[in-house]
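Undergrad: I'd like to go over a predicted model; first the sequence, then the structure.
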Amino acid sequence: MKLERELMRGAGPTAVLKLLSKHEMYGYELVEALAKQTDGVLAMGQSTLYPMLYNLEAKDLVEANWRSAENGRDRKYYSLTGKGKKKLKADMEAWAKLVDAMSSIGVLKGVPV
Amino acid sequence: MIHSPILNTWRWLRHMGYPNHIAFPLLKAAGLPKPVGDVIRKTIVKSKLWATERAEVARELIAHAHDAIAAGRSAEEIVEAFGDPKRVAKLMRRSMKRKRPLYWRTYRNMKRASAAMISILIVGYGGLAVRFYVGKPNIKKNFIAMMNAQNEGYSEDEKAWGVYRDVDAQWQRNALEVALLREGKDHKPIRMSHNTAGFRSDSEDYAEMVGLVKSFGAEIALVREAASRPIMGTVYSSELETVEVDGVYVSDSIEPAPNPEDQGLLISVLLPEIGIARGLVNVLMLDAKLAAQEQDTDRILKDIEASLRIGVQVGNTGPMISSRVAISIVQITNTTLEFLLKEHPGLLSSEELKQIAGLLNQASKNITMQYDMEIWMFEDFLQRAYTDDGHGNGRITARGIKMLMEEDSALMYYAADDPMTIEGYFKVAASPAALLAVEDRKTQSMRFAEHIEQTKQVVLDGPESIGWLDFHHDRIREASGGHVVESPMDMLAVSMRRLVSKVFWAQMKNEAMQTVIAIERYRIETGHYPDSIDMLVPAYIDEIPEDLFRLGHPIQYLLLSVDGYVLYAGGSDGDLDGGREPIESLGDHFVDSFAHRYRLLTAEEVDADEVEVLFDRSGKPRLDNHDCPDGDWILIDMRRESQSPARE
């Protein structure tokens, strides 16, 4: 199941920030992680991911560094900035409240969370 | 990468026209399968980003493709997952631009704001232009017919104009005959409306003129009869027709078109009677002088009476210019009378002089200021220049602007089209701005009506209020905000002020002439001049005229010898200088200028606190102006030996 564009627009950046909060990651790694860890729900192609990463970079929430990987090829690694960490915390709280609110009116009833 | 305006400009200039010079070599070196390389290449090209930004996108997508291949994806899978390169390029472009430096974003925002502003202005001005060029006047009021209505109810025998026109033609014929016999090359006939100076005995044309007048007896009799008719009776029109009759050219108005749309402006209506009337008065006055030589006092009286009646006929036709001419005609008569009294003392009896005084008095009373036609002239202009909303208001039209902007005369011509020169195009493009600059019809109309009211009031209040005309005019100009296009009201207002000044000037001259007649009658009856003009009241004159430069005081009488005296007023400096005329150059000041004496205070003069402020009879403040030429205004000089009292 894939999320509708509007829902993805709200959830996608928070998901990316959350993944980067554990450790720095490169683009393809993020695409794979989003697809696997969310069971395809938050899967996004490069056409969505990279513009999103550039937006987060422009807002100073993530930073990027080009480095050579073990295979000798260059990769761009993204990591969370201090501002990004604060934003993630605020987003998580907002999501928790949203889930609670949805639950309290029965939207999540019978749906395994 | 370091971003700075200078470095970025340098990069832009270096790779202008080839922005893929970094990205494409990277793509080539990556060695990706062709389908994958093609979508990345297409994405880069379509992104339309800066060269360095394209290189960064290329590196990122190449790395992504390598990782996908390493993870076992086929080229087809990678291409399918990539999606539409055009859409990807658009998203990439949008997000990469957000990373651009602040100066670039500021510049972009300014550019967008400017473009938006220019668009708004273009659209707004376009709307204004449409509104301007769509506006059409609705010319429905026939003001020329209203002007001609004054002739209604009178038979042809009661109108003087036809006689005057034919007499003028006859004069032209006679003058041409005489001129052709003249020795030398110049055979230009003497015109009847020749400058009055030409009718003086020291003029080189005098002898010829005397001959012409002497042989003009029959026509002069016709003029005297026509002068007794109740109205002038000219048909007014904006077009004249000139017809050749027996070798001379006679002009008369063409019957005006019935539709006001086909008529010219009322302000440009032709008044052919004005010039001819003046000419006839010149002839009559010369005839009076000739009559004096022949001791024919009856003829003198008839000529003076006819002259004054012509003045009244002209003055009653309506426009202010006619009032001015009427005032001049009375003055020409006054000057002739002054000449006759000086050159032929004792010729006219006391009774005849009394009759002349009555005629002068009657003419002065009958020549009054009329304002209706000035209002019509202005309203006629408005109806031709403005649209008509049916409630007395409207906006300026292209036709109106053309009327206002004609260089030679703002009001005379508007029918001719500009050739489409650069100037013409510029006018077409710039004219709609007039909608913002020129006041609406109602405001113009209201301001003019106010000005007319002010003029009427000043004429009633007296010369001390004359400054209010300028003040009022200045206020109108201020309120109109110094418009690019001058309103015709400005022109009319200035001419009105001049006329009002002339009315007061003529009043003093006429009253002084009445006093002279009284003095002369006293002399005839007693054998000597009075020691004081107070002696004339009440037997010869009701009261001594007021000196309008020294309100509340009489004019002055200076008896110089048994054969001469002078009547004078204080002049524009408002004090008496023994009847001495100013010696110094007057410059812009005129000793007989009421406008100068009774002008209003300027703000600077109030601040300087160096002027004496008086109040007029209605309690309004005015300036008592002593900053005027030192000297008096000689009203009438009856000295037979010309010797200035100032130099005695």
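TA: Ah, there it is.
Undergrad: What pLDDT is listed against the residue sitting furthest away from the middle of chain B?
TA: Centroid-distance maximum for chain B: B:G72 at 93.5 Å, with Cα atoms, centre = their mean. pLDDT, B:G72: 92.
Undergrad: Can you get me a residue count around the residue of the stretch 251-400 of chain B found nearest chain A?
TA: Among all residues of the stretch 251-400 of chain B, B:R395 sits closest to chain A, at 51.3 Å; criterion: Cβ to the nearest Cβ. Placement of C-beta: from N, CA and C, glycine included. By other Cβ atoms under 10 Å in any protein chain shown, the residues close to B:R395 number 19.
Undergrad: B:H3 in helix, strand or coil?
TA: Recorded secondary structure, B:H3: coil (DSSP: H, G, I helix; E, B strand; the rest coil).
Undergrad: What's the separation between the closest residue to it other than its chain neighbours and A:Y78?
TA: Leaving aside its sequence neighbours, B:H3 sits nearest to B:P101 (Cβ to Cβ, 6 or more residues apart in numbering or on different chains; 4.6 Å). Going from B:P101 to A:Y78 by Cβ to Cβ, to the nearest Å gives 21 Å.
Undergrad: if you count what's nearby, which of the two comes out ahead?
TA: The neighbour comparison of B:P101 against A:Y78 (other Cβ under 10 Å) goes to A:Y78, with 21 against 12.
Undergrad: Following element in sequence after the host helix or strand of that one, please.
TA: Per DSSP states H and E: A:Y78 is located in strand A:74-80. Counting by DSSP H and E, the next helix or strand C-terminal to strand A:74-80 is helix A:82-104.
Undergrad: Strands of the chain, start to end?
TA: Unless you meant another one, I'm taking chain A. A:25-26, A:62-68, A:74-80 (DSSP state E).
Undergrad: oops, chain B please
TA: B:240-245, B:248-253, B:556-561, B:564-569, B:613-615, B:621-623, B:633-637.
Undergrad: For the ones you listed, give me JSON lines that also has mean pLDDT, distance to B:I533 and mean neighbour count.
TA: Below are the strands of chain B laid out as JSON lines (pLDDT from 0 to 100; distance: least, Cβ to Cβ, whole Å; neighbours: other Cβ atoms under 10 Å in any protein chain shown):
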{"stretch": "strand B:240-245", "mean pLDDT": "80", "distance to B:I533": "49", "mean neighbour count": "10"}
{"stretch": "strand B:248-253", "mean pLDDT": "80", "distance to B:I533": "47", "mean neighbour count": "16"}
{"stretch": "strand B:556-561", "mean pLDDT": "90", "distance to B:I533": "4", "mean neighbour count": "17"}
{"stretch": "strand B:564-569", "mean pLDDT": "94", "distance to B:I533": "8", "mean neighbour count": "23"}
{"stretch": "strand B:613-615", "mean pLDDT": "70", "distance to B:I533": "27", "mean neighbour count": "13"}
{"stretch": "strand B:621-623", "mean pLDDT": "70", "distance to B:I533": "29", "mean neighbour count": "17"}
{"stretch": "strand B:633-637", "mean pLDDT": "94", "distance to B:I533": "12", "mean neighbour count": "22"}
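Undergrad: residues in contact with B:H64?
TA: Residues near B:H64 by Cβ atoms under 8 Å, 6 or more residues apart in numbering or on different chains: A:27-28, A:31, A:46, A:50.
Undergrad: Which two among the residues you listed are spaced furthest apart?
TA: Distance extremes for the contacts of B:H64: the farthest pair is A:Y28 and A:Y50 at 10.7 Å, using Cβ to Cβ.
Undergrad: Out of the strands of chain A, flag the one nearest B:D246.
TA: The nearest among the strands of chain A, by Cβ to Cβ, is strand A:62-68 at 108.6 Å.
Undergrad: before we move on, the earlier item: so how far is B:I78 from the residue farthest from the centre of chain B?
TA: Taken as Cβ to Cβ, the span from B:G72 to B:I78 is 11 Å.
Undergrad: and what of B:K90?
TA: Applying Cβ to Cβ, the value for B:K90 to B:I78 is 20 Å.
Undergrad: With neighbour numbers in mind, choose between those two.
TA: Shown here are B:K90 and B:I78; by other Cβ under 10 Å, B:I78 has more neighbours (21 against 17).
Undergrad: I'd say the more buried one and B:A65 touch.
TA: Yes. With contact defined as Cβ atoms under 8 Å, B:I78 reaches B:A65; the gap is 5.8 Å.
Undergrad: Can you give the domain ranges for chain B?
TA: If you go by automatic domain parsing, the domain ranges for chain B are B:5-100, B:143-366, B:377-500, B:509-647.
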